[in-house]
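Enquirer: Structure here, sequence nowhere to be found:
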């Protein structure tokens, strides 16, 4: 079975996570600079058996979209053009960063590691993908 890659899209950094081959567990794999996303994505698509990408949908508390959605839509157009057979799914990402921050604050990591925003982005992507796995398996 193919894997699912998840993207927690941000202005500066992108958190990435991936499923195992049976799509049952999400793993945080990387945090990349937003400018490096396309080349990083190409590498994962080439070396991992990925058929689906889940991208967070940045919805505000009262159901409007954050301005970053424009950048995400441009990115999706590029990916659809380069990889027309790739399935792209969107998932409400409300509160994933807050939940990830809660996990970090209550973890065994030292204070310096807990303030690492790259780790926070990776955890957010993992939480988002784990939510998608639950929904897919219902």
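Expert: That came through, no problem. Quick caveat, the model's predicted, so the values are computed rather than measured. Numbers count the residues shown, from 1 in each chain.
Enquirer: which residue ranges form the helices in this protein?
Expert: Assigned by DSSP state H, the chain shows helices spanning 37-47, 69-82, 96-105, 111-114, 117-136.
Enquirer: of these, which approaches residue 27 most closely?
Expert: Ranking the helices of the chain by their distance to residue 27 (criterion: CB to CB) puts helix 117-136 first, at 6.7 Å. For every residue, glycine as well, the C-beta is placed using N, CA and C.
Enquirer: other SSEs contacting that closest one?
Expert: Taking 3 or more CB pairs under 8 Å, 6 or more residues apart in numbering; DSSP states H and E as contact, the helices and strands that helix 117-136 lies on are strand 3-8, strand 13-19, strand 26-33, strand 50-57, strand 87-92, helix 96-105.
Enquirer: Any chance of TSV for those, columns mean pLDDT?
Expert: As requested, those are arranged in TSV below (pLDDT from 0 to 100):
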stretch	mean pLDDT
strand 3-8	96
strand 13-19	96
strand 26-33	95
strand 50-57	96
strand 87-92	94
helix 96-105	65
